[in-house]
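> Need coordinates for the following:
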Amino acid sequence: MADKYDVVIIGAGPVGLMLSTCLARWGYRIKHIDNRPEPTPTGRADGIQPRSLDLLRNMGLKRKIMAHEPAKVYEVAFWDPNSKGIHRTGTWASCPKFIDARYPFTTLLHQGLIERVFIEDIEKHNVQIQRPWTITGFKNDGKDPTYPVHVSLAHVDGHTSETVRAKYLFSGEGARSFVRDQLGVKIHHKDPIAHVWGVMDGVVRTDFPDIKMKCTIHSDAGSIMVIPREDNMVRLYIQIASSTDKDWDPRKTATAEDVQQHAKEILKPYSISWDRVEWYSVYPIGQGIAERYTLDERVFMGGDACHTHSPKAGQGMNTAFLDAVNLAWKIHHVESGFSPRSILSTYESERKKVAQNLLDFDNRYAKLFSARIPSAGEVAGASSDTEVEENEFVKTFKASCEFTSGYGVAYNPNTINWGPEHPAQHPLFLGFEKGTNLRTGRILTPATVTRVVDANVVHLEQEIPLNGSYRIYLFAGDLSKTSSAVKDLASYMGAPSSFFSTFAHQDKKTDRYHEFNNPHTDFLSFCTVVNSPRAKVFIREQLPEIFARYRDHVYADDVWDQRVPDATAAAHAKMGFDQDRGGVVVVRPDAYVGCVVRLEEGKGTCEALNKYFSVLTGKKLGDERAAL
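Numbers count the residues shown, from 1 in each chain. All right, here's what the predicted structure looks like:
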């Protein structure tokens with residue numbers, strides 16, 4: 001008899017580890033293998049973008065990553081050629097102020113240290129990564145309807161093997177994916193232009209003034225990207241060959257000494273030498289995207305198995321994390337009976353669009369990075385203006401900051417993200433700039449509020465951890481004007497067939513007194529935000545029992561915010577709500593907005609929520625009776 005698992009995960013890089021971490025925490029039985037004898041020892045991906053830091057904090061893993069004292073990049077410096085060699089032509093914020101980010105910097109730390117943080121968490125939840133093992137075959141043969149996927153695994157030395165059955169198989173194997181090849185899924189390349197790059201991590205001695213900054217350097221001798229790292233190290237990306245070269249060879253290699261010599265030429269008039277080199281690699285880059293991420297919604301792929309691109313924009317690991325989180329909660333909702341299997345089709349449509357946007361950006365960026373930029377003297381000679389215009393590379397970099405920070409991810413309307421064509425229609429749904437500043441399929445706007453029970457000033461968007469449940473934010477406005485609307489919402493939510501009651505815990509005997517996030521149901525967590533100073537909020541007296549039960553998630557909207565300086569209730573204002581009248585925001589488990597509903601007296605607000613959750617769950621929710 002083959003062992004049975006909920007999920008078999010192949011590959012313990014960022015995408016596999018994130019999927020394993022989420023599902024292990026939510027109680028799934030996982031078989032996780034990797035073909036390397038140990039985690040990444042040095043090098044590889046290293047950039048964690050601001051949006052990914054939000055996610056890691058939401059998982060309780062950010063502190064452990066920060067304990068490694070990574071480098072933080074707040075600014076990027078641009079260096080271009082001049083008559084003496086190179087000179088700095090400007091700097092720009094890594095995550096500019098127009099992006100409302102809690103962590104406006106890129107965190108730089110080698111992939112192995114990040115992997116270890118995840119592995120420790122997975123092991124705490126009784127999952128061990130089996131190494132060095134590989135996948136040798138699989139088939140969705142359906143012989144067992146509950147565990148339809150048959151998977152063959154073997155030790156890399158070939159002496160031992162095993163077969164297991166699984167509900168799902170996931171390939172996080174990287175660009176050379178056995179699973180993808182077996183499925184016959186093609187990778188489409190954006191265009192034939194490709195580059196070969198060298199990458200080197202080490203400790204250097206140099207008089208180059210911006211060695212502790214992220215820099216893009218263009219010189220007549222070539223291009224370099226400088227990335228500061230943990231432990232006083234520096235990473236240099238150096239172009240070795242390009243398909244525009246006369247003697248282009250995609251398999252061209254170079255020794256570490258060749259690359260160091262090339263770097264010395266590019267950095268003139270500055271000098272550089274290496275005390276030690278920790279990691280060195282040469283690899284070709286092309287922008288590729290998989291045609292499909294799954295064929296049957298049983299065997300899935302994510303991360304580099306689905307999209308490959310240059311490392312310049314620091315997107316690989318971040319895109320992988322978000323692939324995994326997107327899939328994890330959808331599998332969880334299907335397997336726990338909350339959603340129909342059809343929700344799994346949104347994994348490919350949502351994540352493939354993000355990958356296409358990434359490849360379009362990366363394609364432009366890599367081409368510009370690799371192009372020779374004219375020197376200041378040439379530009380001045382060709383132009384009579386005293387003001388030297390920003391070159392295309394700098395313009396592209398600036399225009400793409402929202403995207404590279406991770407906050408530019410935007411999922412299109414679908415069954416989860418409400419839109420004008422959504423199957424759930426009701427006059428109280430609000431659209432962007434039609435009653436709210438929030439866009440469905442985009443991240444919830446960050447807001448700072450005061451938690452009523454302990455007077456702590458907190459980040460509202462972080463208050464519900466990544467626990468697989470939808471987050472429902474009731475912006476209750478001024479209770480002297482909205483208390484009837486809030487009571488009506490609670491009353492209709494109490495009806496037996498409402499979105500709230502239908503998924504309530506079946507066992508009423510379990511003591512859930514200390515359950516802060518999910519006292520009523522595993523699928524919904526509630527936060528209530530009141531437009532009032534904290535000292536004037538009385539949870540039991542002012543809120544109906546349903547909302548008062550989430551006592552640790554009641555907040556006073558009394559913290560000033562520089563982005564809405566004139567608002568008295570800044571969190572309400574940032575969401576685009578009337579500060580007195582409020583509104584309701586439903587946020588997906590992965591922190592993207594699902595729908596926004598007007599708060600009104602009567603049954604309408606609950607009715608709209610019932611309609612939205614009816615589509616998500618495939619169940620007819622809501623009836624006319626209020627529970628008194």
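
> Which of the three states applies to Phe361?
helix (DSSP: H, G, I helix; E, B strand; the rest coil).

> wait, it sits on Cys401?
No. The criterion here is Cβ atoms under 8 Å, and Phe361 misses it with Cys401 at 10.9 Å. Bear in mind the C-beta positions are built from the backbone N, C-alpha and C, glycine included.

> State the helix or strand in which the residue positioned nearest the centre of the chain lies.
Among the residues of the chain, the one closest to the centroid is Leu322, at 3.7 Å (Cα atoms, centre = their mean). Leu322 belongs to helix 316-335 when assigned by DSSP states H and E.

> Could you do Ile9 as well?
Going by DSSP H and E, Ile9 is in strand 3-10.

> now for the helix holding Leu322, which elements pack on it?
Contact partners of helix 316-335 among helices and strands, from 3 or more Cβ pairs under 8 Å, 6 or more residues apart in numbering; DSSP states H and E: helix 14-25, strand 47-48, helix 50-58, strand 161-171, helix 345-370.

> How much space separates Trp248 from Ala241?
6 Å (Cβ to Cβ, to the nearest Å).

> for Cys401, same thing?
29 Å.

> Arg88 too?
In terms of Cβ to Cβ, Arg88 sits 27 Å off from Ala241.

> out of those two, which sits in the more crowded spot?
Using other Cβ atoms under 10 Å as the criterion, Arg88 and Ala241 rank with Ala241 on top: 22 against 14.

> and the gap between that one and Pro39?
31 Å.

> do Leu489 as well
For Leu489 relative to Pro39 (Cβ to Cβ), the value is 48 Å.

> Comparing the two, which residue is more hemmed in?
Relative neighbour count places Leu489 above the other of Leu489 and Pro39, with 28 against 19, counting by other Cβ under 10 Å.

> in a strand, that's where Gln182 is, yeah?
No. Counting by three-state DSSP, Gln182 is not part of a strand but helix.

> what pairs with the residue nearest to it when sequence neighbours are not counted across the strands?
Counting by Cβ to Cβ, 6 or more residues apart in numbering, Gln182 lies nearest to Phe138, which is 7.0 Å off, once chain neighbours are set aside. Using DSSP bridges, the beta-bridge partners of Phe138 come out as Val151.

> these two touch, right, Phe138 and Leu183?
No. Using Cβ under 8 Å, Phe138 is not in contact with Leu183; the gap is 9.2 Å.

> shared neighbours, these two?
Contact criterion Cβ atoms under 8 Å, 6 or more residues apart in numbering; residues shared by Phe138 and Leu183: Val299.

> quick one, which of these two is more surrounded?
Phe138 (24 against 19).

> What pLDDT is listed against the closest residue in space to Ala93 that isn't next to it in sequence?
Leaving aside its chain neighbours, Ala93 sits nearest to Glu75 (5.8 Å; criterion: Cβ to Cβ, 6+ apart). As predicted, Glu75 sits at a pLDDT of 95.

> Kindly report the same for Gly477.
Predicted confidence (pLDDT) for Gly477: 98.

> wait, doesn't it sit right on Asn531?
Yes. Using Cβ under 8 Å, Gly477 is in contact with Asn531, at 5.3 Å.

> Spit out the residues that contact those two alike.
569, 572, 579-580, 582.

> are any of the residues you listed buried, and which?
Neighbour-count burial (16 or more other Cβ atoms under 10 Å) applied to the shared contacts of Gly477 and Asn531 gives 569, 572, 579, 582.

> does the second one count as helix, strand or coil?
It stands for His572. helix.

> ok, it to Ser532 distance?
11 Å.

> how many neighbours does Ala535 have?
Count around Ala535 with other Cβ under 10 Å applied: 11.

> repeat for Arg102
14.

> Quickly note the distance from it to Leu56.
Taken as Cβ to Cβ, the span from Arg102 to Leu56 is 12 Å.

> Likewise for Phe397?
25 Å.

> Those two: who's more crowded?
A side-by-side neighbour count of Phe397 and Leu56, using other Cβ under 10 Å, places Leu56 first with 24 against 21.

> re earlier: ok, which of the helices and strands packed on helix 316-335 comes nearest Phe300?
With Cβ to Cβ as the criterion, Phe300 lies closest to strand 161-171 of those, at 5.1 Å.

> how about low-confidence regions in this protein?
Applying pLDDT under 70 to the chain flags the ranges 191-193, 312-313, 370, 372-389, 623-628.

> Identify all contacting residues around the lengthiest strand in it.
When the chain is parsed with DSSP state E, its longest strand is strand 272-285. Outside strand 272-285, the residues within contact range by Cβ under 8 Å, 6+ apart are 42-43, 110, 194-206, 208, 233, 240, 250-251, 253-254, 256, 259-260, 263-264, 308-311, 366.

> Now with 7 Å, please.
Strand 272-285 has contacts (Cβ atoms under 7 Å, 6 or more residues apart in numbering) with 42-43, 194-206, 208, 233, 240, 250, 253-254, 256, 260, 263-264, 310, 366.

> returning to that earlier point: quick one, what contacts the residue nearest to Ala93?
So Glu75 contacts 91-94, 213 (Cβ under 7 Å, 6+ apart).

> List only those of these flagged as buried.
Buried among the contacts of Glu75 (16+ other Cβ under 10 Å): 93-94, 213.

> Dump these into TSV; add secondary structure and distance to Ser20 as well.
What follows is these, written out as TSV (DSSP: H, G, I helix; E, B strand; the rest coil; distance: Cβ to Cβ, whole Å):
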residue	secondary structure	distance to Ser20
Ala93	strand	35
Ser94	coil	30
Met213	coil	35
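
> ok, so of those residues, who is nearest Ile416?
Nearest member of the buried ones among the contacts of Glu75 to Ile416, counting by Cβ to Cβ, is Ser94, at 30.9 Å.

> so that closest one makes contact with Thr106?
Yes. The criterion here is Cβ atoms under 7 Å, and Ser94 meets it with Thr106 at 5.3 Å.

> Spit out the residues that contact the two alike.
Val73.

> I'd like the distance between Asp552 and Asn518.
12 Å.

> Am I right that Phe547 sits in a helix?
Yes. According to three-state DSSP, Phe547 belongs to a helix.

> So what would you say the end-to-end distance of stretch 31-48 is?
Start-to-end span of stretch 31-48 (Cα to Cα, to the nearest Å) is 27 Å.

> And that stretch, what's buried?
Here stretch 31-48 shows 31-35, 39-40, 43-48 as buried, counting by 16+ other Cβ under 10 Å.

> And for the closest residue to Asn610 other than its chain neighbours, the neighbour number?
Closest residue in space to Asn610, ignoring its immediate chain neighbours: Gly622 at 3.2 Å, by Cβ to Cβ, 6+ apart. Close neighbours of Gly622, defined as other Cβ under 10 Å, add up to 22.

> so Gly622 makes contact with Ser501?
No. Gly622 is beyond contact range of Ser501, at 9.9 Å (criterion: Cβ under 7 Å).

> quick one: contacts for Ile227?
Going by Cβ under 7 Å, 6+ apart, the list of residues near Ile227 reads 108, 214, 235.
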